[in-house]
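Participant: Below are the sequence and a predicted model; questions follow.
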Amino acid sequence: MEIDIKLIFYFFLFNIILFQFNSYIANNLKLFDKPDFKRKIHKHSVPITGGIFLFLNLIFLTILLNINYYEFLGLNFSYKREFFAIIFLVLLIFLIGLFDDRYDIKPFTKLFLLSSIILIAILIDENLIVKTLNFYNFQQNINLSNLSVPLTILFILLFLNAINMFDGIDLQVSIYFLVIVLFLSIKYNIYYLFYFSPVIILNSYFNSKNKLFLGDSGTYIIGILISWTIIKNYNLKSTFYCEEIFLIMAVPGLDMFRLFCIRIMNGKNPFKADKKHLHHLLLKKYSYLKTFLSIQFIIIIPLFFYYFFPDRLSIAILITLMLYILVLMLARLKQ
């Protein structure tokens, strides 16, 4: 399926109108991220409305593609339960993120709620369950058997948390999403996430003006869209190998893994926010622009390399690891 340019245009018009209500929505729902002068780096209250706009775009998309939704997704779904599963998943996880933006849910309560929702969704739609691990380098499949359901829940939770923790400076998650959307389209002919590019572009513009944050509701929707897209294509079309998924999620995933290890070794809650993210370390000595470009560089260069050298997947992963370690060392050396 190719991109419908007319539909993209409709989405831009829809979002230009929608974003005019940014302040109205934030004021009425009392959705503001207030500076704490500790971990947060912004200096005044900013509306946390990005997730609401993303969710409304998903609803608008559903209405526009009412009859041909399954065909649009390019997966030829034959059961309405699969459609219900993704709507159920996105709606409830969006509401948890929105509630967290407003009231700040405790980490383990949030983890329990997210796990429960994901479990129900994959039981509704069994095509979301990862049953085998397919590796490019080993040329073999590992059957997960009885571990398939808990590991699928774990995989989706890791996607959600990695994206959520990656959202620490302006534009970082938005541009990451656009890079992944572009990569998925030109490398794997997966186009439907392109229809979310108008809302992400306008999100990015408002974010750059300090008029909007994605919030947990926004990062969760992005995490669900990416993880759902990858898992569905992995299961139904064998589009990806495990190493390719690692490459796509490498930078948010590596930073999350590093932070979890540091917090656990220090006897702290692994979900307790701090200022040890890669972007925080870089910002201590470098400008915002250098920090932003350095992190995007780690993401884009390996994907660019892998696109032109598809038989060098291991080298692309090695480049990612080396760049991440190099930038991390530079950040620490400057301290």
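Facilitator: On my side now, so go ahead. Residues are numbered from 1 along each chain as shown.

Participant: Quick check: which element contains I93?
Facilitator: Using DSSP states H and E, I93 maps to helix 80-103.

Participant: contact partners of that helix?
Facilitator: Applying C-beta atoms under 8 Å, 6 or more residues apart in numbering, the contact partners of helix 80-103 are 29-31, 33, 48, 51-52, 55, 58, 62, 69-70, 77, 105, 110, 113-114, 117-118, 120-122, 124-125, 127-128, 160, 215-221, 224-225, 228. In this view, the C-beta of every residue, glycine as well, is placed from N, C-alpha and C.

Participant: for it, which positions count as buried?
Facilitator: 82, 85-86, 88-90, 92-98, 100-102 (16 or more other C-beta atoms under 10 Å).

Participant: circling back to that earlier point, now list the buried members of the contacts of helix 80-103.
Facilitator: Listed as buried from the contacts of helix 80-103 are 31, 33, 48, 51-52, 55, 58, 69-70, 77, 105, 110, 113-114, 117-118, 121-122, 124-125, 127-128, 160, 215-221, 224-225, 228; burial here means 16+ other C-beta under 10 Å.

Participant: and those, which of them are in strands?
Facilitator: Judged by DSSP state E, these include D33 as members of strands.

Participant: how many other residues sit next to the residue nearest to Y136 when sequence neighbours are not counted?
Facilitator: Spatially, and ignoring its direct neighbours in sequence, Y136 is nearest to Y241 (3.9 Å; C-beta to C-beta, 6 or more residues apart in numbering). Y241: 18 surrounding residues under other C-beta atoms under 10 Å.

Participant: related to what we said a few turns ago, chain center to the helix holding I93: distance?
Facilitator: With C-alpha atoms, centre = their mean, to the nearest Å as the basis, helix 80-103 stands 14 Å off its chain's centre.

Participant: Need the max-distance pair from the buried residues of helix 80-103.
Facilitator: E82 and R102 (31.0 Å; C-beta to C-beta).

Participant: in the chain, which spans are helices?
Facilitator: Remark: helices assigned in the chain by DSSP state H are 5-18, 22-29, 50-64, 69-73, 80-103, 107-124, 148-166, 172-188, 197-208, 215-237, 242-265, 278-283, 288-308, 313-333.

Participant: circling back to that earlier point, can you tell me which of the buried residues of helix 80-103 lies nearest to V173?
Facilitator: G97 (12.9 Å).

Participant: And the spatially closest residue to that closest one that is not a sequence neighbour, how far from F94?
Facilitator: Distances taken as C-beta to C-beta, 6+ apart place S217 nearest to G97, at 3.3 Å, with adjacent residues excluded. Using C-beta to C-beta, to the nearest Å, one obtains 5 Å as the distance from S217 to F94.
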